[in-house]
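A.B. asks: I'd like to go over a predicted model; first the sequence, then the structure.
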Amino acid sequence: MNKNQTLEKLKDLRLNAMANLHQHHLQNNLHNDASPDEYIGILADHEWEKRQNTKIQRLITQAKFRQKASIADVDFTSQRNLEKNMFNRLSSLDFISRKENLILIGASGVGKSYLAQAIGHQACLNGIKTQYHISARLFNKLKLAKIDGTYQKELARLMKIDVLILDDFGLQAFDNHARDTLMDIVEDRFSRTTTIVSSQIPVSAWYEIIGEGTIADAVLDRLVNSSHRISLKGESLRKSFLKENESN
């Protein structure tokens, strides 16, 4: 078998990264010092790394994050009640492997959404399927799905998400549809997947904003009792950023 046939067969097998590296080595005479096993290992590692990087980028794209958030860029210097050791434990993602939830509470601008998305981004880097949603928009989307008959299909899609981020939870009043939809989501995901909730509303007020006691009790039992909590305080980081820019 000649070299061109080998390259073509690698491409036919969709081992494109391996084929490209092999072609590069042939053209530049770079493979002579490696044993056959070592050389195959080099090609296989390159193909694996390429596929992993492609998968990670696909997961990040599909997550639909609103911000480019990273664990490495989290600010622990601001006085907002964010304990570094505790957050580092969460960023190890062990709570996700245990199918536990995370709730982030705080006023507008203190960084709840950023932290939720930073953890979501870290999950994507670890090959974990993640998706970000503004809560009210997701509930409205599912309301339309009920009308066109695709509601159960949309719920099934959400169930396949390992980490579901619900941002701005509770900012829009819960009508009967939103309440039932929240119950369906929480019930399906309970003890099977992880949900991260970001809200300006303290957990103590969730019972009232959800409304309808039976559903509120069921939601809180499944969502809150199996969750870690971060309660952020302090001045809005956005306001602080604007003040710094004005003074410079």
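C.D. replies: Received the coordinates, thanks.
A.B. asks: Could you pull out the buried residues of the one helix or strand residue 117 maps to?
C.D. replies: Per DSSP states H and E, residue 117 falls inside helix 112-125. Residues of helix 112-125 classed as buried: 112-124 (neighbour count, 16 or more other CB atoms under 10 Å). For glycine as for every other residue, the C-beta is placed from the backbone atoms N, C-alpha and C.
A.B. asks: Likewise for stretch 63-76?
C.D. replies: 63, 65, 69, 71, 74.
A.B. asks: In helices, which of the residues you listed fall?
C.D. replies: Among the buried residues of stretch 63-76, the residues falling in helices (DSSP state H) are residue 63.
A.B. asks: Which one of the buried residues of stretch 63-76 is nearest to residue 160?
C.D. replies: Distance to residue 160, by CB to CB, is smallest for residue 63 among these, at 13.1 Å.
A.B. asks: The closest one against residue 131, yeah?
C.D. replies: Yes. Using CB atoms under 8 Å, residue 63 is in contact with residue 131, at 5.5 Å.
A.B. asks: what are the ranges of the strands in this structure?
C.D. replies: Taking DSSP state E to define them, one finds strands in the chain at 101-105, 130-134, 163-167, 194-199, 227-231.
A.B. asks: how about the residue nearest the centre of the chain, what does it touch?
C.D. replies: Closest residue to the average C-alpha location of the chain: residue 120 at 2.8 Å, with CA atoms, centre = their mean. Residue 120 makes contact with 63, 65, 69, 130, 132, 163, 165, 196, according to CB atoms under 8 Å, 6 or more residues apart in numbering.
A.B. asks: so what's the closest residue in space to it that isn't next to it in sequence bridging to?
C.D. replies: The shortest distance from residue 120 to any non-neighbouring residue, by CB to CB, 6 or more residues apart in numbering, is to residue 130 (4.5 Å). Going by DSSP bridges, residue 130 is paired in beta bridges with residue 163.
A.B. asks: and if you look at residue 197?
C.D. replies: Bridge pairing for residue 197 - DSSP bridges - gives residue 103, residue 166.
A.B. asks: residues in contact with it?
C.D. replies: 101-104, 165-166, 169, 223, 227.
A.B. asks: Could you export stretch 51-71 as CSV, CA atoms only?
C.D. replies: Taking Å, rounded to 0.1, in the frame of the first residue of the first chain, the C-alpha atoms of stretch 51-71 are listed here in CSV:
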residue,chain,number,x,y,z
ARG,A,51,-11.9,15.4,18.6
GLN,A,52,-12.0,16.4,22.3
ASN,A,53,-11.4,20.0,21.4
THR,A,54,-14.1,19.9,18.7
LYS,A,55,-16.5,18.3,21.2
ILE,A,56,-15.8,21.0,23.8
GLN,A,57,-16.3,23.8,21.4
ARG,A,58,-19.6,22.2,20.3
LEU,A,59,-20.8,21.9,23.9
ILE,A,60,-19.9,25.6,24.6
THR,A,61,-21.8,26.7,21.4
GLN,A,62,-24.8,24.6,22.3
ALA,A,63,-24.8,25.9,25.9
LYS,A,64,-25.8,29.3,24.5
PHE,A,65,-24.1,31.3,27.3
ARG,A,66,-24.8,35.0,27.5
GLN,A,67,-21.3,35.8,28.7
LYS,A,68,-17.8,34.5,28.2
ALA,A,69,-17.4,33.5,31.8
SER,A,70,-14.4,31.5,33.2
ILE,A,71,-13.6,30.0,36.6
